[in-house]
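# Sharing a model that was predicted from the sequence below.
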Amino acid sequence: MSRARLTRDAAEAALRQAVAPDRGWAPGPPVDVADVLRRLPDDVDPALVVEVVRPSLESSPSLFARGAKELPPAVVRRLLETTPRGNAAIVLLRDAVPLELDDATLAARWREALATLVALDTSYEWGSQPKRAKFQELARGPWLASIQAAVVGSEAPPLDFLGVLATDGGEASADALLPHVDRALTVDGNGLNFLEQLTTHAPPDGPVRALIADMRTRLDARQTASPAHAFAAELGLASDGAAPFWFTVRLQSVERTWRAIGHATITVDSRSDPWFALWVQRDDGDVDWRYVHGARDDLGLGVPSPSETPSYLARAADLLSLRWDFDGAEVTSSVRGKRRAAIVEWLRRSG
């Protein structure tokens, strides 16, 4: 296929056709958007191009990066000026490509920044040698500061961005990771998993390793003080607090047809905050999804305390016309044998 530049009229006609459904226009012949973007003239309408490419940047940055290398400088400026800093990719691009650069320098920086986005989207296993090598390459490369800015400037950066900072291990990377450590320990309640992810790639000493050690101390303190241990004693599953106490029970309804499937998940975990979670749902195909999660109760039965879980499950089953299959319950737990079986027996109670 020819890579000759399109005329402005031809390029804009194709782009307008690409956005026709979104504007309520009648669709026409299919448009090879990727080919159009590779052949844009410098005088193309930047606003029209941005309308076409922005959804891809926001939803699939690495896919966008593979197809946007030839965007004219005026389009790049318009895109970076008008796209909200909603995700890590956008923050990285805005940090890496200053708008005041001359056109030639901006175009070169744009292509390099896009290559960095592609490199940050790998399918290797988290602890694999290829993943380690990729992180080391990025941590030692010229775009580390932009990756750090992206982590600081986004609420939920992709895991590979965090892996690069953990691999770097320096003070600026530790500072960039700190808000996400705090979120993992509080808002997300996912501290242990987050800690393990960072530890895999962090060097044995330095600021990031110190951050991990502090996180471990905070996790241990929270685990020891968790109300989950008192709840374990309430269930007759004594826990001294030194070791974590946790369980997850997954239930389905007895009636397992595609038209009516009930699901419930009950989690208690001294390592997490919050330490108790209950989720109930009935799926009637495309008709009805209703659930309770945390402090939200779409079933209108009231938010149960942990001790009220058995009675809540019974009332939810009545409301949703379900019967829970306790015999088929899936249980994972820090306790074994009769103590694990006692958890399911506790849930059978109608309260």
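Right, received. Where do you want to start?
# For the chain, give me the ranges with low pLDDT.
Across the chain, the ranges flagged by pLDDT under 70 are 1-2, 21-29, 187-190, 239-241, 256-260, 284-296, 350-351.
# got the residue ranges for the strands in it?
Per DSSP state E, the chain carries strands over the ranges 246-252, 261-269, 276-283, 289-293, 296-297, 330-333.
# possible to save these as JSON lines with mean neighbour count?
Placement of C-beta: from N, CA and C, glycine included. Rendered in JSON lines, the data for the strands of the chain read as follows (neighbours: other C-beta atoms under 10 Å):
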{"stretch": "strand 246-252", "mean neighbour count": "19"}
{"stretch": "strand 261-269", "mean neighbour count": "21"}
{"stretch": "strand 276-283", "mean neighbour count": "20"}
{"stretch": "strand 289-293", "mean neighbour count": "16"}
{"stretch": "strand 296-297", "mean neighbour count": "14"}
{"stretch": "strand 330-333", "mean neighbour count": "14"}
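# and residue 197, which of these is closest to it?
Closest to residue 197 of the strands of the chain, according to C-beta to C-beta: strand 261-269, at 17.7 Å.
# List the strands paired with the closest one, with their directions.
Neighbouring strands of strand 261-269 in its sheet, by DSSP bridges, are strand 246-252 (antiparallel), strand 276-283 (antiparallel).
# just to revisit the earlier point, go through the strands of the chain and name the closest to residue 46.
strand 289-293 (41.4 Å).
# Could you dump the strands of the chain into CSV with distance to residue 343 added?
As requested, the strands of the chain are exported to CSV (distance: least, C-beta to C-beta, whole Å):
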stretch, distance to residue 343
strand 246-252, 5
strand 261-269, 9
strand 276-283, 13
strand 289-293, 19
strand 296-297, 23
strand 330-333, 6
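# out of the ones you listed, nearest to residue 225?
For the strands of the chain, distance to residue 225 was read as C-beta to C-beta. The smallest value, 13.6 Å, belongs to strand 261-269.
# which residues are in contact with that closest one?
With C-beta atoms under 8 Å, 6 or more residues apart in numbering as the test, strand 261-269 has contacts from 228, 231-232, 244-253, 255, 275-283, 306, 309, 313, 316-317, 320, 322, 324, 347.
# one more time with 6 Å
Residues from elsewhere that reach strand 261-269, judged by C-beta atoms under 6 Å, 6 or more residues apart in numbering: 228, 246-253, 275-283, 309, 322.
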